[in-house]
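Colleague: everything below, folded, please.
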Amino acid sequence: MLQSRWLKILRSLGLEFWLPLPLLGLAFWVGGGFVMNGILSSSHQPTSPLKAETLSAKQPRTIVVSITAKIKKHQGVSRVRVKTASKLLKELEFEFPVTEFSQVEAAISQELRLPISDVRKLMHYTTENGME
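Modeller: Numbering: from 1, shown residues only. Just a heads-up that it's a prediction; the model follows:
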């Protein structure tokens, strides 16, 4: 009689459904802890190592701000300084075994992978005796 009275009260309040929920939550929490502990404590070695490949086509291009070429005819070389807008790579320096303007432009174009027309717009020449 006492049990049926309690059951009627629990049913009227809806507690018959809500009382087992904390027990189910506790069971999932403890069970999840055991599973996670088993996963994290096991040593897992992949069968084959991962390969990382970098493709130059997917790398972002650096923006060239200016190109200055100092031509030293008596040494047979041209020293070229390229300034960029990149935060990581602010300046590049090259030395080419050519002294003709067109050859220097072609070498810079090939090295920076830029069209020759863009290189010509940014080029500034200085010769060994200071003339521009």
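
Colleague: following element in sequence after the lowest-mean-pLDDT helix or strand in the chain, please.
Modeller: Scoring the helices and strands of the chain by mean pLDDT, DSSP states H and E places helix 15-18 at the bottom, with a mean of 72. Where DSSP states H and E defines the elements, the next helix or strand beyond helix 15-18 is helix 20-41.

Colleague: average pLDDT for that following helix?
Modeller: For helix 20-41, the mean pLDDT works out to 91.

Colleague: pull the distance from it to the chain's centre.
Modeller: In terms of Cα atoms, centre = their mean, to the nearest Å, the centre of helix 20-41 is found 37 Å from the chain centre.

Colleague: look at Leu50 and report its pLDDT.
Modeller: As summarised for this prediction, Leu50 has a pLDDT of 46.

Colleague: kindly apply the preceding question to Leu88 instead.
Modeller: Reported pLDDT for Leu88: 82.

Colleague: how far away is it from Thr62?
Modeller: Using Cβ to Cβ, to the nearest Å, one obtains 9 Å as the distance from Leu88 to Thr62. C-betas here are computed from N, CA, C, even on glycine.

Colleague: Val35 too?
Modeller: For Val35, the distance to Thr62 under the criterion Cβ to Cβ works out to 49 Å.
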